[in-house]
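A.B. asks: Sequence first, predicted coordinates after that:
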Amino acid sequence: MEHDPHPAPDHPAPVDVEKLRAWWSHRQWLDRPHTGASAAEVLAATGWARSVGGAAPYLGLFARAGLGRAAVDEAVARLEVHELPSARGCTYLLPAADFALGLASGAAAPEGELAAAEKHLGVGRDEVEKLCLAIERVLAEGGPLDPTTIREAVGDAVRPLGEAGRKRGLATTLPLALGLLQSRGRVRRVPVNGRLDQQRYGYAGWDQPVAGAAVDLARRYFSWAGPATLRHFRWFSGFTAATARRAVAEAGLVPLAPGSEFLLPPELAEEFAEFTTPRQPHYTLLAGIDGIHLLHRDLPRLLDPADAARPLPVGRAGRTFGGEADPQTHLVLDRGRIVGLWEYDPERAEIVLLPFVPPDDALRAAVARTEAFVRDELGDARGFSLDSPKSRAPRIAALRAAGAGGLGRTAG
């Protein structure tokens with residue numbers, strides 16, 4: 001029987017919520033701009049950035065280090081950072097130093113998909129492994145190649161899976177093979193136009209080692225997200241309870257305070273004890289899936305009670321903001337607290353803001369700065385690949401109605 005390495009007493013010490021939020025913001029490089037830092041340096045210090053074909057990586061890197069789209073795209077082209085299937089098999093933007101660990105952390109996902117295809121669709125491992133070899137031969141002759149070109153080049157090595165496959169989201173065996181090859185570091189996805197805020201890819205051959213243990217991910221995670229709980233780490237990693245507990249124990253973490261379920265690396269404990277919450281606000285505009293939220297995926301920790309009780313401006317009646325697993329819009333933060341919601345209106349080329357606090361000059365400046373970045377460099381701020389101006393219109397209208405533009409109109 002396994003035992004919790006940090007058992008909690010009946011009455012754990014109270015936690016200063018404002019200090020926790022401000023500390024998380026500080027560790028996420030959201031308390032001041034780290035001008036001059038590279039994309040790889042930001043990701044190494046603050047954590048892998050979830051990438052779902054939207055603007056989240058660009059917004060996060062701009063907020064933390066003032067990086068423009070061209071600088072980020074160049075870092076992708078140079079393989080200083082790259083989108084890889086990582087924790088839970090989900091796609092994140094990683095620094096090169098973490099490529100091996102990221103792939104190791106996500107390796108179970110494509111194996112699980114293959115096992116499900118074997119069980120439900122009669123797909124054999126041997127046929128998928130042969131397809132993997134055929135894909136590698138094709139890509140050795142040149143690339144990147146899009147999936148259609150790969151499918152045509154490997155011929156009968158790809159098998160259609162019929163109606164049963166389509167119901168499970170697998171029209172052919174090609175995605176199974178590409179998933180395995182990515183997890184093994186044998187191929188990588190390359191954005192067709194070099195941009196991260198879309199989901200059109202080609203595939204190129206690669207020779208990337210895959211290495212790392214659960215404890216390595218635990219050490220990385222708690223350096224980015226600590227103080228965090230075992231539950232938070234399990235969410236991020238996708239590990240079983242036993243694996244997560246073992247990794248946490250091996251990482252040598254310490255409780256935030258006697259009896260606290262919040263853990264952090266010992267080298268950060270003294271720094272946290274001496275840390276004080278800044279007096280002056282510092283506003284940042286981020287995507288709803290930014291690491292400040294998604295590393296823990298515990299939305300109420302970033303909300304004041306009054307804001308958690310706010311009705312959602314979009315969605316079903318009766319739902320409150322604090323009752324959601326994830327935000328339905330982009331976020332405004334100040335010292336780790338969510339203080340507003342926003343969306344970008346591409347028709348008017350402006351940000352629509354619903355503030356939770358009275359707007360001041362600092363908030364207006366932060367909105368104007370982000371608005372100019374989105375307008376001039378991104379063109380839009382999609383939340384995910386299928387987000388579009390049309391699908392976003394109801395959210396924009398709801399935010400505009402609820403906040404009357406937030407700053408008098410929108411950003412101006």
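C.D. replies: Arrived safely, thanks for sending. Everything quoted here is computed from the prediction, not taken from an experiment.

A.B. asks: can you count the residues close to the closest residue to residue 269 other than its chain neighbours?
C.D. replies: Excluding its sequence neighbours, the residue lying closest to residue 269 (C-beta to C-beta, 6 or more residues apart in numbering) is residue 254, at 5.5 Å. (C-beta placed from N, C-alpha, C; glycine too.) By the measure other C-beta atoms under 10 Å, the count of residues near residue 254 is 17.

A.B. asks: I figured residue 254 was touching residue 270, is that so?
C.D. replies: No - using C-beta atoms under 8 Å, residue 254 is not in contact with residue 270; the gap is 10.4 Å.

A.B. asks: can you pull the pLDDT of the residue nearest to residue 269?
C.D. replies: Looking at residue 254, its pLDDT stands at 96.

A.B. asks: tell me the contacts of it?
C.D. replies: Under the criterion of C-beta atoms under 8 Å, 6 or more residues apart in numbering, the neighbours of residue 254 are 6, 263-266, 269.

A.B. asks: looking at it, residue 277 is touching residue 335, isn't it?
C.D. replies: Yes - the pair residue 277 / residue 335 is scored as a contact, 6.5 Å apart, by C-beta under 8 Å.

A.B. asks: what do these two both touch?
C.D. replies: Common neighbours of residue 277 and residue 335 (C-beta under 8 Å, 6+ apart) are 18, 22.

A.B. asks: How about the contacts made by the closest residue to residue 85 other than its chain neighbours?
C.D. replies: Once flanking residues are discounted, residue 85 sits nearest to residue 106: 4.4 Å by C-beta to C-beta, 6+ apart. With contact set as C-beta under 8 Å, 6+ apart, residue 106 has these partners: 84-90, 183.

A.B. asks: Can you tell me which of these comes closest to residue 222?
C.D. replies: residue 87 (13.7 Å; C-beta to C-beta).

A.B. asks: For that closest one, give me the pLDDT.
C.D. replies: The model's pLDDT for residue 87 equals 96.

A.B. asks: and the contacts of residue 254, which of them are in helices?
C.D. replies: Here DSSP state H is the test, and those give 266, 269 as lying in helices.

A.B. asks: Closest one of the contacts of residue 254 to residue 239?
C.D. replies: Nearest member of these to residue 239, counting by C-beta to C-beta, is residue 263, at 14.9 Å.

A.B. asks: which regions of this structure sit below the pLDDT cut-off?
C.D. replies: Flagging of the chain using pLDDT under 70 yields the residue ranges 1-14, 315, 404-412.

A.B. asks: one more time with 90, if that's ok
C.D. replies: Applying pLDDT under 90 to the chain flags the ranges 1-15, 142-143, 192, 198-200, 311-319, 384-392, 402-412.

A.B. asks: Just give me the neighbour total for residue 376.
C.D. replies: The burial count for residue 376: 11, using other C-beta under 10 Å.

A.B. asks: Specify the local secondary structure of it.
C.D. replies: helix (DSSP: H, G, I helix; E, B strand; the rest coil).

A.B. asks: Please enumerate the strands of the stretch 1-150 of the chain.
C.D. replies: 49-50, 81-85, 91-95 (DSSP state E, counting those that start in this stretch).

A.B. asks: Out of these, which gets nearest to residue 170?
C.D. replies: Of all those, it is strand 81-85 that lies closest to residue 170, at 16.3 Å by C-beta to C-beta.

A.B. asks: Which positions in that closest one come out as buried?
C.D. replies: Residues of strand 81-85 classed as buried: 81-85 (neighbour count, 16 or more other C-beta atoms under 10 Å).
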